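[1] Any chance you could fold what I've pasted below:
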Amino acid sequence: MTTFEELKRRGLLAQLTDEKEIEELVNAGKATFYIGFDPTADSLHVGHFMALCLMKRMQMAGNKPIVLIGGGTAMIGDPSGKTDMRKMLTPETIQHNVDCFKKQMSRFIDFSDDKAIVVNNADWLMNLNYIEVLREVGAQFSVNRMLTAECYKQRLERGLSFLEFNYMIMQSYDFYQLFQKYGCNMQFGGDDQWSNMLGGTELIRRKLGKDAYAMTITLLLNSEGKKMGKTEKGAVWLDPEKTSPYDFFQYWRNVDDADVIKCLKMLTFVPVEQIEEMEKTMEGAQFNAAKELLAYELTKLVHGEEEAEKAKAAAKALFGGSGSNENMPVAEISSADLTDGSIGLLNLLVKAELAPSVSEARRLVQQGGITVNDEKKSDPKEMIKLEGEMIVRKGKKAFKKIIVK
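    Presented below is the predicted three-dimensional model:
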């Protein structure tokens, strides 16, 4: 099975400018390709996961990845999929985020011996001369055509700033620069970036008379058509300080039955033939086995095998009634918050980060969703004596081991 065939069987391919040419380049290991990441936060999240996994697959087949950090485009903000203008970031914040991205990406991509490179588009965008851009680049774009792009349609209803209108031109200019500087012949990105990517291939054709290619990868959506990677706490981050390895494991362990095979195919490196065999007989308890495999493989990929084993053991201890609980997520309660060794149930839930507020904690208790050491709690005014080992659980899936400091 060729690399391109595997990408197809895993359901990763969406739109391609020239399928035959792209297939030949990818299979021959001759694709020098880039994917852009705008550093709008100090950590990558599950939304970036598909791109990182694709880069790893492509590199394993001999192709060369270019990680383009959008230090320049982040100063503008991508309007794609947004109803409002993005928050402006300072250059200092952008640089901090860039540094964090590089560190996290090294888990997926081998940057040794020039096998992959990281570049920052601030290096060429920040010093552009406005008049030169208008003459050399702007003249190649049709405003009428730009306004038909999906990335602008949604914003036109609410108001699209001229600042954001330039985003497509800047992203296209990135491809143009990478083509000339590094021989980059292909751009990959999410399906929502298709119009911006076409702008780049067209600019290269118009200015240089040469061909470059674009391919979009399927967006990671659940069975309801919503982007995956969000919880009630917000995004699922790759940074263990933002989303613990255990919470990361549990996110994937709890995906819907309808999504588990798709996630195994798109995100893991489990052989696709093995996943297809699982798919044929998937029912009942087999869904749980598939989810555990998914959670373990992705946690290992992001946080390493040791953390994946810890998360798996913690889940078994709580939900399977076996194994050690030393790896369970912990909530530290200050002794200063106790009165005669006790704390109010609602305050305990808030301090353990099982509820965002006292009012939400009260609602959870009244609805019967809280247990302490497997004893259901129904009185919001109850005082909880913190002694010995205590495990507080919210619903079936969220819990904390309580430690007094």
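[2] before we move on, which element is the closest residue to Gln140 other than its chain neighbours in?
    Closest residue to Gln140 apart from its sequence neighbours, by C-beta to C-beta, 6 or more residues apart in numbering: Arg206 at 4.9 Å. C-beta: built from backbone N, CA, C; applies to glycine. Per DSSP states H and E, Arg206 falls inside helix 194-208.
[3] Val350 now?
    In this assignment (DSSP H and E), Val350 forms part of helix 345-351.
[4] Now that helix: buried residues?
    By 16 or more other C-beta atoms under 10 Å, the buried positions in helix 345-351 come out as Leu345, Leu346, Asn347, Leu348, Leu349, Val350, Lys351.
[5] all helices of the stretch 301-405 of the chain, in order?
    Along the stretch 301-405 of the chain, counting by DSSP state H, counting those that start in this stretch, helices occupy 305-315, 345-351, 358-366.
[6] wait, the stretch 51-200 of the chain
    Taking DSSP H, counting those that start in this stretch as the criterion, the stretch 51-200 of the chain carries its helices at 91-105, 122-125, 130-136, 143-146, 150-158, 162-165, 167-182, 194-208.
[7] winner for burial among the ones you listed?
    Most buried of the helices of the stretch 51-200 of the chain, by mean neighbour count (mean count of other C-beta atoms under 10 Å): helix 167-182, with a mean of 22.
[8] do you know how far Ile403 is from Ser335?
    According to C-beta to C-beta, to the nearest Å, Ile403 and Ser335 sit 11 Å apart.
[9] Ignore what I typed, I meant Gly388.
    Per C-beta to C-beta, Gly388 is found 15 Å from Ser335.
[10] Ok, Gln367 next?
    According to C-beta to C-beta, Gln367 stands 30 Å off from Ser335.
[11] could you give the mean pLDDT of the helix holding Val350?
    Helix 345-351 comes out with an average pLDDT of 88.
[12] now stretch 20-28
    Averaged across stretch 20-28, pLDDT comes to 96.
[13] Show me what that stretch is in contact with.
    Residues outside stretch 20-28 that contact it (C-beta atoms under 8 Å, 6 or more residues apart in numbering) are 2-4, 7, 16, 30-31, 58, 61-63, 185-186, 211, 213, 215.
[14] Test for you: state the pLDDT assigned to the residue with the largest distance to the centre of the chain.
    For the chain, the largest distance from the centre (C-alpha atoms, centre = their mean) belongs to Asp340, which lies 44.7 Å off. The model reports Asp340 with a pLDDT of 83.
[15] same check, this time on Asn121
    pLDDT recorded at Asn121 is 89.
[16] got it, and Phe111?
    Note for Phe111: predicted pLDDT of 91.
[17] pretty sure it is touching Val119, no?
    No. Judged on C-beta atoms under 8 Å, Phe111 makes no contact with Val119 at a distance of 11.8 Å.
[18] Which one's more surrounded, those two?
    A count of neighbours by other C-beta atoms under 10 Å puts Val119 above the other of Phe111 and Val119, at 19 against 15.
[19] From the centroid of the chain, which residue is nearest?
    So for the chain, C-alpha atoms, centre = their mean, it's Val46, sitting 2.1 Å from the centre.
[20] Ramachandran coordinates for that residue?
    Note on Val46: its backbone torsions stand at phi -60, psi -30 [degrees, to the nearest 10].
[21] hmm, back to that, okay, the residue nearest to Gln140 and Tyr130: tell me how far apart.
    Counting by C-beta to C-beta, the gap from Arg206 to Tyr130 is 20 Å.
[22] Likewise for Cys100?
    Computed as C-beta to C-beta, the Cys100 to Tyr130 distance reads 31 Å.
[23] Counting neighbours, what do you get for the closest residue in space to Lys401 that isn't next to it in sequence?
    Among residues not flanking Lys401 along the chain, Met328 sits closest, at 4.5 Å (C-beta to C-beta, 6+ apart). Using other C-beta under 10 Å, Met328 has 20 other residues around it.
[24] Can you spell out the domain ranges of the chain, please?
    As assigned by automatic domain parsing, the chain contains the domains 3-217, 230-320, 330-404.
[25] To Ser223, which of those lies closest?
    Of all those, domain 230-320 sits nearest to Ser223, with 3.9 Å by C-beta to C-beta.
[26] which stretches of the stretch 301-405 of the chain form strands?
    Along the stretch 301-405 of the chain, counting by DSSP state E, counting those that start in this stretch, strands occupy 330-333, 342-344, 370-372, 375-376, 383-385, 390-394, 398-404.
[27] neighbouring contacts of the last one?
    Contacts to strand 398-404, defined as C-beta under 8 Å, 6+ apart, come from residues 318, 325, 328-335, 338, 348, 352-354, 386, 389-393.
[28] one more time with 6 Å, if that's ok
    318, 328-333, 335, 352, 386, 390-393 (C-beta atoms under 6 Å, 6 or more residues apart in numbering).
[29] Below-threshold pLDDT in the stretch 201-350 of the chain: ranges please.
    Within the stretch 201-350 of the chain, the stretches with pLDDT under 70 are 230-233, 318-327.
[30] quick one: buried residues of stretch 288-297?
    Under the neighbour-count criterion of 16+ other C-beta under 10 Å, stretch 288-297 has Ala290, Lys291, Glu292, Leu293, Leu294, Ala295, Tyr296, Glu297 buried.
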